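Enquirer: Have a look; sequence and predicted model below, questions after that.
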2 protein chains.
Amino acid sequence: MNQLLLRAARHRSPQWTSQRFLVTKNAIPDPMTGELMPPTPDIQPNLLQIKRNANPKTPPPAQSLVFGRTFTDHMLAIPWDAVSGWGVPEIKPYGPLEMEPSATVLHYAQTLFEGMKAYRDEHGKVTLFRPDMNMKRMNNSAQRLALPTFNGDALLDLIKRLISLDRHWIPKEPGHSLYVRPTLIGTQKAIGVGPPNEALLFVILSPVGPYYASGFKPVALYGTTEFVRAAPGGTGAYKLGVNYAPGVLPQKSVAALGYSQNLWLHGPDHELTEVGTMNMFVVFKTADGGLELVTPPLDGMILPGVTRDSVLTLAREHISGVKQLPELSDKLVVSERTVTMKEVKAAEKAGTLVEMFGAGTAAVISPVNRIGYMGEDVHIPTGEDGMGPVSRPIWTELVGRQWGKIPSDWSVSID
Amino acid sequence: MNQLLLRAARHRSPQWTSQRFLVTKNAIPDPMTGELMPPTPDIQPNLLQIKRNANPKTPPPAQSLVFGRTFTDHMLAIPWDAVSGWGVPEIKPYGPLEMEPSATVLHYAQTLFEGMKAYRDEHGKVTLFRPDMNMKRMNNSAQRLALPTFNGDALLDLIKRLISLDRHWIPKEPGHSLYVRPTLIGTQKAIGVGPPNEALLFVILSPVGPYYASGFKPVALYGTTEFVRAAPGGTGAYKLGVNYAPGVLPQKSVAALGYSQNLWLHGPDHELTEVGTMNMFVVFKTADGGLELVTPPLDGMILPGVTRDSVLTLAREHISGVKQLPELSDKLVVSERTVTMKEVKAAEKAGTLVEMFGAGTAAVISPVNRIGYMGEDVHIPTGEDGMGPVSRPIWTELVGRQWGKIPSDWSVSID
C-alpha cells in the first residue's frame, strides 16, 4: 500500500472519532484512511427487483454486430449513497439514465468500469471467465477513486441473473460472445471536488463478434514517447475512465501515420509498458536456445489484466508441469521485468526477437508485426497464421478454457 | 505543438483524402491530425431557443450557500454530432439530462470544463472576468480529448444571455458571485474507445459566497511524492475531468494527517507544481534585498490558470511601470521557473522565504503557512491578515478589477 495512505491509516483524530461514535457504535475503519466509518448495507442480491422489458427487441444478425453498439433488453442498476449504503438492486429495461447536470461524473471523471465476456458452449451452457478477478479489480478501482466498495460475490450473483435473463442475446455463431460492462460512477449533485455522497453501479450487456473474424491480423504499433498512458504515482494500475479519454488523440495521430495503436514507452530508457488499451508481451530467443516470455511488471503503471495473468499462469503451469501445452517449447522461461526499446532493437538485429503481442479481453491475443520507432520501423516475425511459437499454444489453451472446450475452474457457470 | 501531432498533420493519405472529397468539396484540415474534415456548422447564437422555467425558485439566503450545491433556474445546452455539427442552442429550465448508459463520458471520462465567475458591481452592472481566456482554454481542452471545438465568442455570447436571464440569482451581499460552469462531454452511444460522434456542451450557474468569509485563513499543505497530479506527456496543462477524480483520495489522505491540500511535487528533485486544484506561487528575498515572485513554467504539466496569468501580468505591469501597485516593492522580479523543495527549505533556514500562495478562480489567492515534507514541517511566514507583501497588493488590485471598483478591460459586461 502507498506510504501516504499507510500513514493516514495509522493516524486517528480522537476528537472526530468520538463524534463519530455518537452516531454509531459499530464504526469500522476506512481501509484507506483509517477514518472510522459507520457501517452501511452492502449489495444485497436478495432484495433484487426485476422489471421485465415489455417491448423486447429481436437480436440483430450476428454478422451485423459492431463492437459495443448493440445492447440487450435489460440492465442492472444499484444505487448507493453515503447515508444508506447500497440500495435495492434492480434489473430493468435497458434505457437512458436521468442524470443531474451537476453530477460529479460529468465534471470530474469519477468513473471506473470492468470488461468481461459471457460465453456459450456447444451444449448451451453459459459461462464467465475468471469473473472473481474483475470483481476484485473493480473494488480496487473504487477505492482509488474514493467511490464505494462492495462485496464482489454479491455483484457477481446479480450479474449472473442479468445475463441469464438476456442469454438468448448471445449469438450462436462461433467466436461470438456477450460483452459485460459493469460501471460505477459518482453522481453527487454538487460541483465541489471530493468523495461523492451518491453513486450508481450499473451493468449493461452487448453481443459481440470475434475480434479477428478471419484469422489473426498482426498490427503495426507506433512507439510513443510524446504522450504517456500512465506515470509513477498515477492511476495506470486501475481500470478507471481517466486512463482512456486521453488516449484517443494519440491513437488518432498514429492512425494518420499508418499505425494501429500506440506502444506506450516510459522514461528515458523507453521502457515498453502497454499497447493501446492492452497489456503486452514480447518473446526473445535466449543464449541457450530457449525462449523467454517477457511482460512488464505490475509496478503501478501497468493494468493487472485478466488475460495478462492468464497468459502468465498458463506459461508457468506449462514450465512447472502442472499442465503442459502441446507445441510449446520446453525451454521456456517467464519474466515479469522491464524491457526497453534498446533491447528490442538489439534483438531484431541479432535475430533473437521471436514475437510480440498484446493481451486483453476484447482481442485475447493481438500479434504485432512492426513498431515505428524514432523514424524507422522495427520488424517483428509472425507465423503464417499471424501468431508465434509462444502465443499460438497459449491462445489455443486460453480460448479452449473460455469456450468450455477445455474444462477448467476459470470457467464459471452463470446458472 | 506536440511532435507526434505535427508529424501526423504533415502526413496525408491520398487515397482516403480523395474518398473524403467525394463527400465534400470544402474539406478543411483537422488542426491536430491534418485529416480533411467536412465543414460542419459552428455554434450559432442566432438560432438560440429560450424555454423559460415555469416554476422559478426563490434564491436561498446568501448565508446558506455551500459552494456548488445550488443552481439557478436555467441552463444552456448545445448538442453536437459529427454529421450535423453544432445544433440549436437552447436555454431551458435547469433539470436532469437523459443519458444513455453507453454514453462514452460515463465510461471513458470524455469530459472537460471551465470555471469562471459573474460579478455584480455596486451599480448593478454584471461582468465576467477575462472570459476570452476560458473560451480559449476550453477549445484547447476539446482538441486534447478529440471533442469538437467551437467559436469561443459565439459560446460567450450565449453564456451572457444565460447569465442575464438569471442575474437576480447573484447575491447582493459583498464578496458573492455567480459561478459559471461550462462543460463539454462525449455522448456517443457506444462503448468502443474513440473520438465520440456525439457530444453535449452545457452551462450551469451556481450562486456562491466568498471563499474566505471572514478574512484570509492560511492553509497547511502536504508535500506529496506518493501520488502525482500530472506527468510529462500527460494532460496536466488542460482543464479535463481526468485531472480531478484521481486527486480525491490523496486529498482525503492528507486531510486525515491534518493538512488541507496536496502540494504536488514532481520528479527526483521534488519540484513544486500545483496546490490541490490551484496554481502556486512562492516569494523569496533576493541577495540585493529585493523580492522574487516565482511560479512553475507552463511546461505541459501546469494548468494555464486565468488567476495565475493575472497575478503574473499585474506584477509585470508594476515592474514595467504600466501600472504601479501601492505597497508593492519596487525591487521585484518575476520568474516562471522550476522551484524545488530543497530551495524552499534552504530559504526557510536562511530567512529568505517570504510567502507562498495558491491562485485560482474559487479562492483567488490562498495563502500557505506550512508544508509537511519528508516527516517535518516547513514554516512559511504570513502577515497578521494572513497574506504577504506580494500577495496583498496584487490581491487588492485583482479583486478591485473583478468587482469593477478598478476599471480595466479584463472586466467584460454581460449586457
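Expert: Right, received. Where do you want to start?

Enquirer: Provide a list of residues in contact with A:Arg370.
Expert: A:218, A:220-221, A:377-380 (C-beta atoms under 8 Å, 6 or more residues apart in numbering or on different chains). Heads up, the C-betas are built off the backbone N, CA and C, glycines and all.

Enquirer: Pick the one among the residues you listed closest to B:Ala347.
Expert: Distances from B:Ala347 to these, taken as C-beta to C-beta, are shortest for A:Leu221 (46.6 Å).

Enquirer: tell me which strands and helices the strand or helix carrying that closest one is in contact with?
Expert: Counting by DSSP states H and E, the element that carries A:Leu221 is strand A:219-224. Judged by 3 or more C-beta pairs under 8 Å, 6 or more residues apart in numbering or on different chains; DSSP states H and E, strand A:219-224 is in contact with helix A:248-256, strand A:261-266, strand A:364-373.

Enquirer: So which residues on the stretch 201-350 of chain A come close to chain B?
Expert: Contacts of the stretch 201-350 of chain A with chain B, taken as C-beta under 8 Å from any C-beta of the partner chain, map to A:202, A:204, A:206, A:222, A:224-228, A:231-235, A:240-242, A:244-254, A:256-258, A:277.

Enquirer: ok, now with 7 Å
Expert: A:202, A:204, A:206, A:224, A:226-228, A:231, A:233-235, A:241-242, A:244-250, A:252-253, A:256-257, A:277 (C-beta under 7 Å from any C-beta of the partner chain).

Enquirer: the helices in chain A, which residues?
Expert: Applying DSSP state H to chain A gives helices spanning A:3-10, A:14-23, A:104-108, A:131-144, A:152-165, A:248-256, A:306-320, A:341-350, A:391-402.

Enquirer: relative to helix A:248-256, how tilted is the strand holding A:Leu221?
Expert: Put simply, strand A:219-224 runs at 120 degrees to helix A:248-256, going by axes from the mean of the first three to the mean of the last three C-alpha atoms, to 10 degrees.

Enquirer: before we move on, back to that, can you list the helices of chain A in CSV and add mean pLDDT?
Expert: Shown next, in CSV, are the helices of chain A (pLDDT from 0 to 100):
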stretch, mean pLDDT
helix A:3-10, 71
helix A:14-23, 35
helix A:104-108, 98
helix A:131-144, 98
helix A:152-165, 98
helix A:248-256, 96
helix A:306-320, 98
helix A:341-350, 98
helix A:391-402, 97
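
Enquirer: Just send these back as a markdown table, with mean neighbour count and distance to B:Val368 too.
Expert: Below are the helices of chain A laid out as a markdown table (neighbours: other C-beta atoms under 10 Å in any protein chain shown; distance: least, C-beta to C-beta, whole Å):
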| stretch | mean neighbour count | distance to B:Val368 |
| --- | --- | --- |
| helix A:3-10 | 17 | 19 |
| helix A:14-23 | 11 | 23 |
| helix A:104-108 | 29 | 24 |
| helix A:131-144 | 20 | 27 |
| helix A:152-165 | 19 | 42 |
| helix A:248-256 | 23 | 35 |
| helix A:306-320 | 20 | 43 |
| helix A:341-350 | 16 | 42 |
| helix A:391-402 | 21 | 53 |
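
Enquirer: Please name whichever of those helices is nearest to B:Leu106.
Expert: helix A:104-108 (6.3 Å).

Enquirer: need the residues of the stretch 1-150 of chain A near chain B, please.
Expert: A:2-5, A:7-8, A:11, A:32-35, A:67-69, A:71, A:75, A:96-102, A:105-111, A:113, A:144-146.

Enquirer: In strands, which of these appear?
Expert: A:75, A:97-99, A:111, A:113 (DSSP state E).

Enquirer: For the residues you listed, which ChimeraX command selects only the ones that are buried?
Expert: Selection of buried members from these for ChimeraX, criterion 16 or more other C-beta atoms under 10 Å in any protein chain shown:
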select /A:75,97,99,111,113
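
Enquirer: As a markdown table, the ones in strands among the residues of the stretch 1-150 of chain A next to chain B with pLDDT and distance to A:Tyr179 would be great.
Expert: Converted to a markdown table, those look like this (pLDDT from 0 to 100; distance: C-beta to C-beta, whole Å):
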| residue | pLDDT | distance to A:Tyr179 |
| --- | --- | --- |
| A:Met75 | 98 | 13 |
| A:Leu97 | 98 | 19 |
| A:Glu98 | 97 | 25 |
| A:Met99 | 97 | 23 |
| A:Thr111 | 98 | 17 |
| A:Phe113 | 98 | 11 |
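
Enquirer: Point to the helix or strand of chain A where mean pLDDT is at its lowest.
Expert: The weakest-scoring helix or strand in chain A, judged by mean pLDDT, DSSP states H and E, is helix A:14-23 (a mean of 35).

Enquirer: circling back: reformat the contacts of A:Arg370 as a markdown table; add distance to B:Val283.
Expert: Output for these, formatted as a markdown table (distance: C-beta to C-beta, whole Å):
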| residue | distance to B:Val283 |
| --- | --- |
| A:Pro218 | 57 |
| A:Ala220 | 52 |
| A:Leu221 | 47 |
| A:Asp377 | 52 |
| A:Val378 | 50 |
| A:His379 | 56 |
| A:Ile380 | 54 |
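
Enquirer: what's the closest of those residues to chain B?
Expert: Taking C-beta to the nearest C-beta as the measure, chain B lies nearest A:Leu221 of the contacts of A:Arg370, at 13.1 Å.

Enquirer: how about the nearest residue to that closest one, chain neighbours excluded?
Expert: A:Leu263 (4.0 Å; C-beta to C-beta, 6 or more residues apart in numbering or on different chains).

Enquirer: Next: A:Ala62.
Expert: A:Pro171 (3.9 Å).

Enquirer: so how far is A:Asp157 from the one you found?
Expert: As for A:Pro171, its distance to A:Asp157 is 25 Å (criterion: C-beta to C-beta, to the nearest Å).

Enquirer: again, but for A:Lys172
Expert: For A:Lys172, the distance to A:Asp157 equals 26 Å [C-beta to C-beta].

Enquirer: Then A:Leu312?
Expert: 28 Å.

Enquirer: And for A:Ile319?
Expert: Taking C-beta to C-beta as the measure, A:Ile319 falls 36 Å from A:Asp157.

Enquirer: burial of the closest residue to A:Glu173 other than its chain neighbours, as a residue count?
Expert: Nearest residue to A:Glu173, sequence neighbours excluded (C-beta to C-beta, 6+ apart): A:Ala62, at 4.3 Å. The tally of other residues near A:Ala62 (other C-beta atoms under 10 Å in any protein chain shown) stands at 17.

Enquirer: cool, and A:Gly258?
Expert: So A:Gly258, with other C-beta under 10 Å, has 12 neighbours.

Enquirer: Quick check: phi and psi on it?
Expert: Dihedral pair for A:Gly258: phi 90, psi 10, per degrees, to the nearest 10.

Enquirer: Could you pull up the contacting residues of it?
Expert: By C-beta atoms under 7 Å, 6 or more residues apart in numbering or on different chains, no residues touch A:Gly258.

Enquirer: ok, now A:Ala231?
Expert: A:301, B:228, B:231, B:234.
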